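Visitor: Quick one: sequence plus predicted model below, questions after.
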Amino acid sequence: MPSHSILSLRYIVNRLRELGSDPDPILARHGLDLDRIAPDGRIDCALELRLFCSLSELTSDPTAGLKLGSRLGFTGYGPFSLMLMTCSTAWEAMQASMRYQPLTYLFSKLELVPGQHSSELTYKPIDLPAWPQRLRIDLELAGSFKLVQDLGLAGGNALHLEHVSLPYPQPPEFKVYQDFFKFPVSFGDTHARIRIGNATLQKTMDSADSMANTLYRQECDKLLEIALRDSGSDLAEQVRQHLMLFQQSYPDAPSVAAVFGMSERSLRNHLSAQELSFRQLLDQVRFARACERLRQSSDSIESIALQLGYAETASFIHAFQRWSSISPARYRKQLRASG
């Protein structure tokens, strides 16, 4: 599984503390003490994503993603920042960002789409539960916006940003987004996008240095190899833990494969090598969720079936019997008898 620099998580945790939240219990639950992790440490992307979803529960502020993303500083990217600064133009820097995307803090799939008068940075978000997904989209757009601004300032050439699009309905607090980005913002798009005027992208940057750029690209190549290296951990368990982030509408195999940086075919082949299938893992997660609800709530069987994404109660009962050889009602009765 690919990994990210630990700095992104540090920025997020520190910002949450500034906003009055206490992330330490969640970090401890995941076995992490950031004060004991080296600044150049790396974190498995799957674990980082699970942590982010847990941390998102600490805030109900609809604009928290913007506040978190604004702390992803230019210098925090290390050699990647220096490589971007020494490119000949901002356009070259944007192209380099595509190759070295694993060195960023992005989970979205980033694409650079050229146009006649302007070009777009397009972000295809990964599937997450609704609330952490919105936070993640806002965080990544705000962080990218700050990176683009800082790149323009470092190169002595303020880039002309024209428009931002976000892939969810317009929220009541939409004016906060306009104030943050300081140019038109629209909602309801299929992807997140930042549009930039081509004229400023093509200007030579004051910080351009071809020799230094070659050296920084070599450093980035080394870091890229580390970032993409398989952590050696159990892929099936990582997939299971990712599915456990969800409570109702579960992502399909292609969506999960994208989270782990691989094709659906590759994901299925890896699982098959462990004598497992995606369907089996999804069934395991649904069974665990079902047992949890039967044990911890007094909700009806019909209600639990709906919560787990079953359109028909009979389908849930049949699945539960396949998993455990008894009905959900009998399972709950046995729990109460033993408790």
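Guide: Received the coordinates, thanks. It should be emphasised that the depicted structure is a prediction, and the values quoted were computed from it without experimental measurement.

Visitor: Run the chain-centre distance for stretch 246-259.
Guide: Per C-alpha atoms, centre = their mean, to the nearest Å, the displacement of stretch 246-259 from the mean C-alpha position of its chain is 13 Å.

Visitor: er, stretch 101-108 actually
Guide: Taking mean C-alpha positions (C-alpha atoms, centre = their mean), stretch 101-108 and its chain are 9 Å apart.

Visitor: tell me how far the ends of that stretch are from each other?
Guide: The first residue of stretch 101-108 is 10 Å away from its last residue (C-alpha to C-alpha, to the nearest Å).

Visitor: Average pLDDT for that stretch, rounded please.
Guide: Here stretch 101-108 scores 92 as its mean pLDDT.

Visitor: and if you look at stretch 330-339?
Guide: For stretch 330-339, the mean pLDDT works out to 87.

Visitor: and the residue of the chain most remote from its centre, backbone torsions?
Guide: Largest separation from the mean C-alpha position in the chain: Ala337, at 42.8 Å (C-alpha atoms, centre = their mean). Dihedral angles phi and psi of Ala337 (degrees, to the nearest 10) take the values phi -70, psi -30.

Visitor: same thing with Met244?
Guide: Per degrees, to the nearest 10, the backbone of Met244 is at phi -70, psi -10.

Visitor: Count the residues that sit near it.
Guide: Neighbouring residues of Met244 were enumerated by other C-beta atoms under 10 Å; the total is 15. For glycine as for every other residue, the C-beta is placed from the backbone atoms N, C-alpha and C.

Visitor: ok, now Arg293?
Guide: Residues near Arg293, counting by other C-beta under 10 Å, number 20.

Visitor: what helix or strand does it sit in?
Guide: For Arg293, the host element (DSSP states H and E) is helix 278-296.

Visitor: Against which helices or strands is that helix packed?
Guide: The helices and strands touching helix 278-296, judged by 3 or more C-beta pairs under 8 Å, 6 or more residues apart in numbering; DSSP states H and E, are helix 235-243, helix 264-273, helix 301-307, helix 313-324, helix 328-338.

Visitor: Could you rerun that using 10 Å?
Guide: Applying 3 or more C-beta pairs under 10 Å, 6 or more residues apart in numbering; DSSP states H and E, we find helix 278-296 packed against helix 235-243, helix 253-259, helix 264-273, helix 301-307, helix 313-324, helix 328-338.

Visitor: out of those helices, nearest to Leu16?
Guide: helix 235-243 (21.8 Å; C-beta to C-beta).

Visitor: what about the closest one, average pLDDT?
Guide: 85.

Visitor: likewise stretch 142-154?
Guide: Mean pLDDT, stretch 142-154: 90.

Visitor: Let me know how buried Met211 is, in neighbour terms.
Guide: Around Met211 there are 8 residues (other C-beta under 10 Å).

Visitor: likewise Tyr100?
Guide: Taking other C-beta under 10 Å as the definition, Tyr100 ends up with a neighbour count of 19.

Visitor: if I look at it, how far off is Phe80?
Guide: According to C-beta to C-beta, to the nearest Å, Tyr100 and Phe80 sit 6 Å apart.

Visitor: who touches both of those two?
Guide: Listed as contacting both Tyr100 and Phe80 by C-beta atoms under 10 Å, 6 or more residues apart in numbering are 217, 220, 223-224.

Visitor: can you pull out the strands in the stretch 101-250 of the chain?
Guide: 109-113, 118-124, 161-166, 185-187, 192-197 (DSSP state E, counting those that start in this stretch).

Visitor: With distance to Asp40 as extra columns, can I get the ones you listed in a markdown table?
Guide: Putting the strands of the stretch 101-250 of the chain into a markdown table (distance: least, C-beta to C-beta, whole Å) gives the following:
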| stretch | distance to Asp40 |
| --- | --- |
| strand 109-113 | 24 |
| strand 118-124 | 27 |
| strand 161-166 | 32 |
| strand 185-187 | 36 |
| strand 192-197 | 29 |
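
Visitor: how about a markdown table for those, with mean neighbour count added?
Guide: Supplementary listing: the strands of the stretch 101-250 of the chain in a markdown table, determined by neighbours: other C-beta atoms under 10 Å:
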| stretch | mean neighbour count |
| --- | --- |
| strand 109-113 | 14 |
| strand 118-124 | 19 |
| strand 161-166 | 20 |
| strand 185-187 | 15 |
| strand 192-197 | 20 |
